[in-house]
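Peer 1: Provided below for reference: sequence and predicted model.
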Amino acid sequence: MNADPKKEAMIKVVKDAVMVEVKGQQLYSHAATEAVDPAAKAMFEMLAKDEDDHVRILMTQYKSLMSDGKLDLSEVHPAAVDHGSQDVISDEFKKSIKGGKFEMAVIGIGCDLENKAIAYYKKHAAETDDAELKQLFTWLVEWEDGHLEQLMELEKMYQDAYWADQGFSPM
């Protein structure tokens, strides 16, 4: 039996996307359990939840591809989803930041993961001729861009707090 090459390629791309999201979900979940800083804990919990949502959405698409040979975006509503963590990084959050080295390291790794996810989704959105896969991956790029923006803001806050704790403030 000859498999449809387009379907097989889409299955591989979606499966690989699941792995991209699982890595982020595992990093953020572990960080949430280990973080000492309550503000960082809240941020990591939010990020882990978002990555869980991504895994769930991608697994639904994988199952649809396997059973129907196409994506089913009928239950995916990008406009209804927050593409970042604006509600988490409040003024109170910023004031509570401490110079935690663990949190700072996780945030740096998170930035790397988000950059890799963005690059993956952009590449495959550009290469596909499937409108729904392009839509799904373009939407995920927007969401991951929101994560990256917030993580970069956090990274700067933690670095500033770290240097202040070391007596190198103001920089």
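Peer 2: All right, it came through fine. Numbering: from 1, shown residues only.

Peer 1: distance of Asp16 from Asp130?
Peer 2: 15 Å (C-beta to C-beta, to the nearest Å). No exception for glycine: its C-beta is placed from N, CA and C like everyone else's.

Peer 1: Kindly report the same for Gln61.
Peer 2: With C-beta to C-beta as the criterion, Gln61 and Asp130 are 11 Å apart.

Peer 1: The two - which one has more neighbours?
Peer 2: Between Gln61 and Asp130, counted using other C-beta atoms under 10 Å, Gln61 has the larger neighbour count: 24 against 18.

Peer 1: tell me which strands and helices the helix or strand hosting Glu155 is in contact with?
Peer 2: Element membership of Glu155, judged by DSSP states H and E, is helix 131-165. With contacts taken as 3 or more C-beta pairs under 8 Å, 6 or more residues apart in numbering; DSSP states H and E, helix 131-165 sits against helix 5-34, helix 38-68, helix 101-127.

Peer 1: how deep is Lys7 tucked in, by neighbour count?
Peer 2: Neighbour tally, Lys7, other C-beta under 10 Å: 15.

Peer 1: you'd agree it is up against Gly69?
Peer 2: Yes: the pair Lys7 and Gly69 qualifies as a contact (C-beta atoms under 8 Å) at a distance of 5.2 Å.

Peer 1: Let me know the distance separating the residue nearest the centre of the chain from Asn115.
Peer 2: Centroid-nearest residue in the chain: Glu144, 4.7 Å away (criterion: C-alpha atoms, centre = their mean). For Glu144, the distance to Asn115 (C-beta to C-beta) stands at 9 Å.

Peer 1: Much appreciated, bye for now.
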